[in-house]
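# My questions concern the predicted model and sequence given below.
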Amino acid sequence: DAKTTQPNSMESNEEEPVHLPCNHSTISGTDYIHWYRQLPSQGPEYVIHGLTSNVNNRMASLAIAEDRKSSTLILHRATLRDAAVYYCILRVVRGFKTIFGAGTRLFVKA
Amino acid sequence: EPEVTQTPSHQVTQMGQEVILRCVPISNHLYFYWYRQILGQKVEFLVSFYNNEISEKSEIFDDQFSVERPDGSNFTLKIRSTKLEDSAMYFCASSERQVSGANVLTFGAGSRLTVL
């Protein structure tokens, strides 16, 4: 399975944008890029996913590099509730498992 | 919004005892999963289940573990003889279908298992 690399932690101020990077240099042409997050004491929660084009939803935006070897999850205005571990995951075409790495722990300061 | 429901929220058991963790996936979902998370560690895949059989499992999912969909709504994880190292949070997840790599999982809130 192709791997992802994320910073261990990041810090943001409340109401400012946050850009969470992810490197996936060994991504294959049919791998989807998924982002999940895990709030304290909760199960993982789907955030967004994409294949080649940038994507927006009510939670976040996903910017995918043209060569697909990296992507960035963008939270437009961080709130205290966005403090969580954010996981960047490559979802393979074949196979039934979604594999979580260590993720990035986001701290949001008031 | 539809959700995945897990029971119990917390179970304490003695080493060697059998434990059954229960999950009610989202009603129109077809794929079901169990994950576990040992305190302070990452979320680990255990098993996926489709069409009444295991579709994929990890090396963690050994003979001590089994899964079942006993009726149209429940999905269970059984640990036959619990060990101390089975203490973890167990998450159930479900997804609507397997569409290339776009499969999105919905997770439950988890069942915390403490083995003494």
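All right, it came through fine.

# ranges for the strands of chain A?
A:9-13, A:18-23, A:32-38, A:45-50, A:55-56, A:61-64, A:70-75, A:84-91, A:104-109 (DSSP state E).

# of all these, which lies closest to residue A:98?
strand A:84-91 (5.8 Å; Cβ to Cβ). C-beta here means a position set from N, CA and C on the backbone, and glycine is covered the same way.

# Quick one: name the residues of chain A near chain B.
Residues of chain A lying close to chain B (Cβ under 8 Å from any Cβ of the partner chain) are A:30-32, A:34, A:36, A:38, A:42-46, A:49, A:51, A:87, A:90-93, A:95-103.

# quick revisit: now tabulate the strands of chain A in a markdown table and tack on mean neighbour count and mean pLDDT.
Shown next, in a markdown table, are the strands of chain A (neighbours: other Cβ atoms under 10 Å in any protein chain shown; pLDDT from 0 to 100):
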| stretch | mean neighbour count | mean pLDDT |
| --- | --- | --- |
| strand A:9-13 | 14 | 97 |
| strand A:18-23 | 19 | 97 |
| strand A:32-38 | 23 | 95 |
| strand A:45-50 | 19 | 95 |
| strand A:55-56 | 15 | 96 |
| strand A:61-64 | 19 | 98 |
| strand A:70-75 | 20 | 97 |
| strand A:84-91 | 23 | 94 |
| strand A:104-109 | 17 | 97 |
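
# Helix, strand or coil: sort out the spatially most central residue of chain B for me.
Central residue of chain B (Cα atoms, centre = their mean): residue B:34, 2.8 Å from the mean position. Look at residue B:34: counting by DSSP: H, G, I helix; E, B strand; the rest coil, its state is strand.

# quick one: it and residue B:87, what's the gap?
16 Å (Cβ to Cβ, to the nearest Å).

# for residue A:70, same thing?
To residue B:87, residue A:70 is 37 Å away according to Cβ to Cβ.
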